[in-house]
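Visitor: Any chance you could fold what I've pasted below:
(2 chains)
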Amino acid sequence: MTDLLNRQITQLAHSLAHTTADECACDEVDGLLAAAAELAASGGALADLMPQVQRHIEQCPCCHAELTALLRILAA
Amino acid sequence: MQARSNAEWLDDLRDAGRREAALAELRPLLLNGLRRGLVDYVNTAGPEFAALAEDFVQEALLKILDNLESFRGESQFTTWAHKVAVRVALSELRHKQWQDRSLDALLSAETVVTFQPADAAPTPDLSAEQRDLAAVLHRLIEETLTEKQRTALQLVPIGQMPIAEAAERLGMTRNALYKLLHDARLRLKQRLAEEGLTPDDLLDAFGQ
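Guide: Below is the predicted model of the structure:
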């Protein structure tokens, strides 16, 4: 592998810092995302109420973007 | 008009005689949802978005009808339907954004990323520390990860390619690529610990 830019090392380090053994994958989160969005939209803290979703979206920008879009929809 | 309950949505979409009326009600809900939900990604007020959104919603409606059994009733049916539409739309938008960038180019020598000091004028000590840490990180990546894991790592957390797009390029499902990356991150974090290092040590040296 080629050398890494500082910025890229930082991105990788952030990713490693949030890595835990019990992360769930995209399919499982997909099944929870609508409920997670409703929870968050009603003021619930995902980190407390659905920590597995919170951990996943910290690692997965795609699922994070989908949750953000859902929150915008529910906020209207 | 009284809002349908989850059960009524499911019953109506499953019933051939009532399906079209239910779809006619669901379609504008999803279109309005995409207009609100995608404002961070596209100009949803522009005329070109209207046609795009129609396509997204059409595809989403087909997926919704094909996957009604996967709705577990843990949310409002309409929230679940919005989620399907959002995934369709964002997948397409990401694909358009990345379609001109070939996998080979992303992994080729032309995109070689070369370690450089982070700051314009780093202290000599910090620069030396950075170089040492980068060398350790590179060695661990080479020693610990499979070629497939290294490629995935280079594309997603390092290259910032969306995982869904990288999965498509690598011929994998998004779920399988996430698991591959998770295993790679766990192994790398463990090997860092065996070297007496943590991710925070890297962040401290290279900047938050």
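Visitor: which parts of stretch B:157-175 are buried?
Guide: For stretch B:157-175, burial by neighbour count (16 or more other Cβ atoms under 10 Å in any protein chain shown) applies to B:157-159, B:161-170, B:172, B:174-175. C-beta here means a position set from N, CA and C on the backbone, and glycine is covered the same way.
Visitor: Which members of the residues you listed occur in helices, if any?
Guide: Secondary structure assignment (DSSP state H) places B:163, B:164, B:165, B:166, B:167, B:168, B:169, B:170, B:174, B:175 from those within helices.
Visitor: What is the most widely separated pair among the residues you listed?
Guide: B:169 and B:175 (15.5 Å; Cβ to Cβ).
Visitor: Which parts of chain A are strands?
Guide: Applying DSSP state E to chain A gives no strands.
Visitor: give me every residue that touches the residue nearest to the spatial centre of it.
Guide: The central residue of chain A, meaning the one whose C-alpha is nearest the mean C-alpha position (Cα atoms, centre = their mean), is residue A:57 at 0.7 Å. Listed by Cβ atoms under 8 Å, 6 or more residues apart in numbering or on different chains, the contact partners of residue A:57 are A:29, A:46, A:63, A:64, A:67.
Visitor: Quick check on those: which are buried?
Guide: The neighbour-count criterion (16+ other Cβ under 10 Å) marks A:29, A:46, A:63, A:67 among the contacts of residue A:57 as buried.
Visitor: For the helix or strand of chain A with the lowest mean pLDDT, what is the distance to the chain centroid?
Guide: Taking all helices and strands of chain A together, the one with the lowest average confidence (mean pLDDT, DSSP states H and E) is helix A:6-17, at a mean of 87. Once both centres are worked out by Cα atoms, centre = their mean, to the nearest Å, helix A:6-17 turns out to sit 16 Å from its chain's centre.
Visitor: other SSEs contacting that helix?
Guide: Packed against helix A:6-17, as judged by 3 or more Cβ pairs under 8 Å, 6 or more residues apart in numbering or on different chains; DSSP states H and E, are the following elements: helix B:124-144, helix B:174-194, helix B:199-206.
Visitor: Run the chain-centre distance for the shortest one.
Guide: Average the C-alpha atoms of helix B:199-206, do the same for its chain, and the two points are 25 Å apart (Cα atoms, centre = their mean).
Visitor: same question, stretch B:146-165
Guide: Relative to its parent chain, stretch B:146-165 has a centroid offset of 11 Å by Cα atoms, centre = their mean.
Visitor: pLDDT on that stretch, on average?
Guide: Computed over stretch B:146-165, the mean pLDDT rounds to 89.
Visitor: contacting residues around it?
Guide: The set of residues external to stretch B:146-165 that reach it, using Cβ under 8 Å, 6+ apart, is A:1, A:4, A:8, A:11-12, A:15, A:26, A:60-62, B:91, B:94-95, B:98, B:103, B:106-107, B:113, B:141-142, B:145, B:166, B:169-170, B:174, B:177-178, B:180-181, B:183-185, B:187-188.
Visitor: How about stretch B:182-193?
Guide: The list of residues contacting stretch B:182-193 from outside it, by Cβ under 8 Å, 6+ apart, reads A:15-16, A:19, A:21, A:23, A:25, A:59, B:137, B:140-141, B:143-146, B:149-150, B:152-153, B:157, B:198-199.
Visitor: Any quick ChimeraX command for the buried ones out of the residues you listed?
Guide: Restricted to buried positions by 16+ other Cβ under 10 Å, the ChimeraX selection for these reads:
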select /A:15,16,19,23,25,59 /B:137,140,141,144,145,149,150,152,153,157,199
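Visitor: Quickly check: stretch B:199-208 near chain A or not.
Guide: Yes: counting by Cβ under 8 Å from any Cβ of the partner chain, contacts between stretch B:199-208 and chain A involve B:199, B:200, B:202, B:203, B:206, B:207, B:208.
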